[in-house]
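**Student:** Sharing a sequence plus its predicted fold:
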Number of protein chains: 2
Amino acid sequence: MNKPEHPVTTSSFSSRFLKETAQVDAASVQPLPNSRKVYVEGSRPDIRVPMRAISQADTPVQFGVEQNPDILVYDTSGIYTDPQANIDIRKGLPALRAAWIEERGDTELLNGPTSEFGRRREADPMLESLRFDLKRKPRRALPGKNVTQLHYARQGIITPEMEFIAIRENQKRQQLGSEAVEAILQHQHAGQSFGAAIPQEITPEFVRDEVARGRAIIPCNINHPESEPMIIGRNFLVKINGNIGNSALGSSIEEEVAKMTWGIRWGSDTIMDLSTGKHIHETREWIIRNCPVPVGTVPIYQALEKVNGVAEDLTWEIFRDTLIEQAEQGVDYFTIHAGVLLRYVPLTAKRVTGIVSRGGSIMAKWCLAHHKENFLYTHFEEICEICKQYDVAFSLGDGLRPGSIADANDAAQFGELETLGELTRIAWQHDVQVMIEGPGHVPMHLIKENMDKQLECCDEAPFYTLGPLTTDIAPGYDHITSGIGAAMIGWYGCAMLCYVTPKEHLGLPNKDDVKTGIITYKIAAHAADLAKGHPAAQRRDNALSKARFEFRWEDQFNLGLDPDTARSFHDETLPKESAKVAHFCSMCGPKFCSMKISQEVRDLDETQVAAINAQAEQGMQEKSKEFKDKGAAIYHKA
Amino acid sequence: MNKPEHPVTTSSFSSRFLKETAQVDAASVQPLPNSRKVYVEGSRPDIRVPMRAISQADTPVQFGVEQNPDILVYDTSGIYTDPQANIDIRKGLPALRAAWIEERGDTELLNGPTSEFGRRREADPMLESLRFDLKRKPRRALPGKNVTQLHYARQGIITPEMEFIAIRENQKRQQLGSEAVEAILQHQHAGQSFGAAIPQEITPEFVRDEVARGRAIIPCNINHPESEPMIIGRNFLVKINGNIGNSALGSSIEEEVAKMTWGIRWGSDTIMDLSTGKHIHETREWIIRNCPVPVGTVPIYQALEKVNGVAEDLTWEIFRDTLIEQAEQGVDYFTIHAGVLLRYVPLTAKRVTGIVSRGGSIMAKWCLAHHKENFLYTHFEEICEICKQYDVAFSLGDGLRPGSIADANDAAQFGELETLGELTRIAWQHDVQVMIEGPGHVPMHLIKENMDKQLECCDEAPFYTLGPLTTDIAPGYDHITSGIGAAMIGWYGCAMLCYVTPKEHLGLPNKDDVKTGIITYKIAAHAADLAKGHPAAQRRDNALSKARFEFRWEDQFNLGLDPDTARSFHDETLPKESAKVAHFCSMCGPKFCSMKISQEVRDLDETQVAAINAQAEQGMQEKSKEFKDKGAAIYHKA
């Protein structure tokens, strides 16, 4: 996603011997409180789907206790939160998909990078100290072969990736609690899905079918075997993306890896590496080798670096070499701004904020300078040829997205969207997976129009939006202005939400900002899953609310998206440990407690309820009589 | 609003001689940056409507500069941000409405408080050091008179309050910029209003008519002449409320006044004082005397204090005395939980979170203990008699609102809502103004049902909701989970949004939390105004976006809801002053700038655009030919 949250120039390196000293970020490897990693095995022992099991305290009841079951939640944090795992970022993650890829027999190991740039970097002795020590050679499809999940899906093949995803998406429930507890946890509202159709149980065949239909994608480059398969589509859980990228301001490769591990700890389903500067290539290698979620990039950023930032000097050949370079490193999806056509550029002239997408403006600049059609568009089929050799998915960029409320849903934006639809169909002819990027800044009442138009133009290919921001007037709070729009568009059918941090429009996000952005977007995604009626999504809400009602403070913290913050907020008011087992809350205090009264209501027996209803009936009759006696004056509206 | 954000027990006092030493909070009396207070005069010189004018820098253009107009924004901060004003919280604010109230000739000055409690407090020498030194006597309607704005409105009288509001709501625009600048600022999307009908210009007659219809209220107790009139109704700007209240944890009267001035600085349209403990009465006096926005309370909280926290000991007589006590201090609206009927109580038994409203559970407890109907319901007409003598508006409390996603829109909640409708019609028979409180915790797809049902049950009386929270799983971030719901329900027609702070469910909000809650809710309210198509709401977004596009950094900060945070975020990345006039941003840097390219597009002349279109036309023909040559293979969907 080509939004302005990426950094700028070359990175500085704190360590000259990165490959000897690099350490994992300590904050990212602690298991979350009261949580343990569990693996659900599939049809073969190497399908082991990670989940987080949050354990709960018992509820005291009249005779003994009532057990509250573990709550299983979707877990993006990889092995970092598994105390059993041996973590060494200098070695990278285990290649869990390697055997699956190899056994398909449609790929070959290359002798080394085939891109000119990749070879040059590998040969440069100056980079030795920065280089990730990858022993593995890159892999590519055999001549004439197509290795995309879409290609397999259309042939009716259910890959291990698809089975992995089916297990992962089910948020499998373990019934460990009593009947009464289960009754509360299952208490669920039907949702409104706007045409999405999420089955009660996700099967591997359903995954295959959705991928074959183009309605979902599985970003999983064969050169990123470390990734844990995940799916992006509107009949699945809504996903979120977090952006990272090195900066001129002292961010090292190690820090970028730390931002990645920090991001997935809090729930980022994919990571986009928007690094720029001198060591993009090496930074990316470290990130991908240590990243258990799909990694996306905007290749035009690196191509621009290769021509020293002069957009007019970009050529198809340089871009093509960049695609191959990145595909062989394992990038899972490419943002490609192929919809910025020459004829759309003048449509932006009267806008309040013109072109705000960096990729979009690079291509606009190129088109204007050469008076030629966008080379990403004219060479689109050649890009497809590259993507299908590695299974890189498209994220078709919205280079003309609105940068302000005033510019939302205008001719430039919708013109480009139609072209993205045309490109989707071309990519599908090549069995290349596609998602579509979306805005941006959109007032609430125009959000649904965006979603509907995208579904229509792009034949239901998954939509992946930045926000949208629902007002422009709150710089410093754009995670919130956009979290509102993100929740809504997720409900309407958007498959993935690109996060926005509080620093949007103002500066570079630090670790705190990354966390705030991710938690905000987890809220938006989960609120959307609830509204769509995703089966079992509400189970976590019910468990947390039950814990809250029963004053199980620790469980309330731990079932939340950010246990650390919840605990520290509580402790600001009532710091003592004893306050966390107290049967009253920090707001009402011990003297009066509304939750205690609710318990009394729950304890009413049938006779008592019958007496209440009789009493009420009598009261209503008296009132009715009183009303008649008064002459039944009818209120007359002014 | 009776949510758990209120504190608990008695307050401690840092100063023994409050009335000699009390100081205004310094942070609340600085004008906001580049802003000045302006007063728009009405039909008489004592109608002076405050607004904030934000001045902007010029835009450099080819020959000279282009002026950017001042942007006028709605201003809730009272005289605190007026450097001309003489501020002394020991003396309170000037009584700007005093003459209007007096000249109506339907009120009398009392010799002193008529409530038993009020008299007792006045006579207690121990309270001398805490007591606000009010020289003024309380005022009450003459026997047989009704002094509500609804009463005047129905008689066709346009009060000065109504005229004040008409001016205030218009967000009057001054056309100071060039034609080109105005064209950009006026660029506006039509909204979708769901039956609301906001006129292009708000007239005093429109205000009167909406009040007469019961569709809007003007909370303005005759004993709070310091308040600047404002209106709550869905054909006006969406309003927000902030809660304050003293606590057991060291919060003094002075701190509560500081929280109030801090809250209105950031945009709180009303303040609810949820104080509890020994000095509620004195705290409230200080707050009201210094508060330029309406003040709401939940009188049952104080009544409960008077019976030492034992709900069953509450009586109508104690409650009645409390209403009079507070009405004579100047409380502008009362939350009254008169809809918690005995027969609804058992309906909450199967809920995940029972009854979570404090007021609701107090009344439920009372009903169960006495096996009698809620005395607020049975005495409702007597409450109306009190309200109409002071013009206290009702905020009919939703004591049975859902405390979790699972409990949303259930029989208990909707049963109570129907009773609130019945009570609305009774209040209207007495010409007492009414708004209706709403939930709570509601998933996105059930929010509109809430709004529609409220409009239907309560004959379009204004709705005033807490959030709603759209998921339960993010303690520590409930300003965000609820900000999403608040924006949506505001769009659907909710008139006022009660803020939620990050500490919700966890602890007592501090000053930072208050600010975060308020800014989040200003975002929600403004996003709703944009979506409804409120005339001129988008002008501020357009001005900010224009400033952003033109790298007028200071203007971008100052036009935002929180200039201080925006500036400090910017400075974290690029701290130098020079960075704030740089023609590039902190994200892309000087080498490549998407906004610069947009400027080039804007500078294209007609000949250039014609050439582009010719080029594009030719390209399309070639593509079409290529497609035909390929055999026009139609992609077949899988």
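**Tutor:** Perfect, thanks for sending it.

**Student:** Is A:Phe569 in contact with B:Lys503, as I believe?
**Tutor:** Yes - if you go by C-beta atoms under 8 Å, A:Phe569 and B:Lys503 touch, sitting 5.4 Å apart. Every residue, glycine included, has its C-beta placed from N, CA and C.

**Student:** now the helices for the stretch 451-600 of chain A?
**Tutor:** Here the stretch 451-600 of chain A has its helices, by DSSP state H, counting those that start in this stretch, at A:478-492, A:511-532, A:538-549, A:553-559, A:563-573, A:594-602.

**Student:** Is the lengthiest helix in chain A positioned near chain B?
**Tutor:** Of all the segments of type helix in chain A, defined by DSSP state H, the longest one is helix A:606-629. Yes - for helix A:606-629, a contact with chain B is found by C-beta under 8 Å from any C-beta of the partner chain, at A:609, A:611-613, A:615-617, A:619.

**Student:** If we only consider those, which is nearest to chain B?
**Tutor:** Closest approach to chain B among these (C-beta to the nearest C-beta): A:Ala616, at 3.5 Å.

**Student:** what residues are up against that closest one?
**Tutor:** B:341-343, B:373 (C-beta atoms under 8 Å, 6 or more residues apart in numbering or on different chains).

**Student:** how close does the residue nearest the centre of chain A get to A:Thr465?
**Tutor:** Of all residues in chain A, the one closest to the mean position by C-alpha atoms, centre = their mean is A:Ile240, 1.5 Å from it. Distance, A:Ile240 to A:Thr465, using C-beta to C-beta, to the nearest Å: 11 Å.

**Student:** Quick check: neighbours shared by these two?
**Tutor:** Taking C-beta under 8 Å, 6+ apart as the contact rule, the neighbours common to A:Ile240 and A:Thr465 are A:496-498.

**Student:** Where strands are concerned, which of those count?
**Tutor:** Mapping the shared contacts of A:Ile240 and A:Thr465 onto strands (DSSP state E) picks out A:496-498.

**Student:** Okay, now the sheet partners of the helix or strand hosting the residue nearest to the centre of chain A, with direction.
**Tutor:** When secondary structure is defined by DSSP states H and E, A:Ile240 falls within strand A:239-244. Partners of strand A:239-244 in the sheet, by DSSP bridges, are strand A:270-273 (parallel), strand A:496-498 (parallel).

**Student:** helices and strands around whatever helix or strand comes next after the first one, which ones?
**Tutor:** Read it as strand A:270-273. As assigned by DSSP H and E, the chain's next helix or strand after strand A:270-273 is helix A:280-289. Applying 3 or more C-beta pairs under 8 Å, 6 or more residues apart in numbering or on different chains; DSSP states H and E, we find helix A:280-289 packed against helix A:116-123, helix A:253-265, strand A:270-273, strand A:295-297, helix A:299-306, helix A:316-329.

**Student:** picking that back up, please report how far the residue nearest to the centre of chain A lies from A:Ile71.
**Tutor:** Counting by C-beta to C-beta - A:Ile240 and A:Ile71 are separated by 20 Å.

**Student:** Repeat that for A:Gly354.
**Tutor:** With distances taken as C-beta to C-beta, A:Gly354 is found 48 Å from A:Ile71.

**Student:** repeat for A:Ser28
**Tutor:** For A:Ser28, the distance to A:Ile71 - C-beta to C-beta - is 22 Å.

**Student:** Check A:Lys91 too.
**Tutor:** Plainly put, A:Lys91 is 33 Å away from A:Ile71 if you go by C-beta to C-beta.

**Student:** more neighbours, those two?
**Tutor:** Shown here are A:Lys91 and A:Ile71; by other C-beta atoms under 10 Å in any protein chain shown, A:Ile71 has more neighbours (26 against 15).

**Student:** In contact with that one: list those residues for me.
**Tutor:** Contacts for A:Ile71 (C-beta under 8 Å, 6+ apart) come out as A:53-54, A:56, A:539-540, A:543, A:559.

**Student:** Serialize those to CSV and add fields for pLDDT.
**Tutor:** Converted to CSV, the contacts of A:Ile71 look like this (pLDDT from 0 to 100):
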residue, pLDDT
A:Ala53, 95
A:Ile54, 96
A:Gln56, 96
A:Arg539, 94
A:Arg540, 96
A:Ala543, 96
A:Leu559, 98
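
**Student:** and of those, the nearest to chain B?
**Tutor:** Nearest to chain B among these, with distances taken as C-beta to the nearest C-beta, is A:Arg540, at 5.3 Å.

**Student:** Leaving out chain neighbours, which residue sits closest to the closest one?
**Tutor:** B:Ile473 (5.3 Å; C-beta to C-beta, 6 or more residues apart in numbering or on different chains).

**Student:** Phi first, then psi, for that neighbour.
**Tutor:** Dihedral pair for B:Ile473: phi -90, psi 20, per degrees, to the nearest 10.

**Student:** re earlier: which of the helices of the stretch 451-600 of chain A is buried the deepest?
**Tutor:** Highest mean neighbour count among the helices of the stretch 451-600 of chain A (mean count of other C-beta atoms under 10 Å in any protein chain shown): helix A:478-492, with a mean of 30.

**Student:** right, and the helices and strands packed on helix A:280-289 - which one's nearest B:Val295?
**Tutor:** Closest to B:Val295 of the helices and strands packed on helix A:280-289, according to C-beta to C-beta: helix A:253-265, at 43.9 Å.

**Student:** elements contacting the closest one?
**Tutor:** The contact analysis (3+ C-beta pairs under 8 Å, 6+ apart) places helix A:253-265 against strand A:239-244, strand A:270-273, helix A:280-289, helix A:511-532.

**Student:** cutoff 6 Å now
**Tutor:** Contacts defined by 3 or more C-beta pairs under 6 Å, 6 or more residues apart in numbering or on different chains; DSSP states H and E place helix A:253-265 against strand A:239-244, helix A:280-289, helix A:511-532.

**Student:** Show me how far it is from its chain's centre.
**Tutor:** Distance, stretch centre to chain centre, for helix A:253-265: 15 Å (C-alpha atoms, centre = their mean, to the nearest Å).

**Student:** how about low-confidence regions in chain A?
**Tutor:** For chain A, applying pLDDT under 70 flags the ranges A:1-17, A:172-176, A:247-251, A:575-595, A:623-624, A:626-638.

**Student:** Point out the residues in the stretch 351-500 of chain A that sit beside chain B.
**Tutor:** Residues of the stretch 351-500 of chain A found near chain B (C-beta under 6 Å from any C-beta of the partner chain) are A:352-356, A:358, A:361, A:364-365, A:371, A:373, A:404-406, A:425, A:428-429, A:443-445, A:470-477, A:480-481, A:483-484, A:487, A:491.

**Student:** What would I type in ChimeraX if I wanted to highlight the buried members of those residues and nothing else?
**Tutor:** To isolate the buried members of those in ChimeraX, using 16 or more other C-beta atoms under 10 Å in any protein chain shown:
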select /A:352,353,354,355,356,358,361,364,365,373,404,405,406,425,428,443,444,445,470,471,472,473,474,475,476,477,480,481,483,484,487,491
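
**Student:** hang on, the earlier thing: now, which of the contacts of A:Ile71 sits nearest B:Leu400?
**Tutor:** A:Ala543 (22.8 Å).

**Student:** Let me see the contact set for the closest one.
**Tutor:** Counting by C-beta atoms under 6 Å, 6 or more residues apart in numbering or on different chains, A:Ala543 makes contact with A:71, A:185, A:559.

**Student:** hang on, the earlier thing: of the shared contacts of A:Ile240 and A:Thr465, just say which sits nearest to B:Leu304.
**Tutor:** A:Leu497 (44.3 Å).

**Student:** what sits against the closest residue to the closest one other than its chain neighbours?
**Tutor:** Of all residues not flanking A:Leu497 in the chain, A:Ala486 sits nearest, at 4.4 Å (C-beta to C-beta, 6+ apart). By C-beta under 6 Å, 6+ apart, the contact set of A:Ala486 is A:467, A:497, A:524.

**Student:** mind running it again at 7 Å?
**Tutor:** Residues in contact with A:Ala486 (C-beta atoms under 7 Å, 6 or more residues apart in numbering or on different chains) are A:467, A:497, A:521, A:524.
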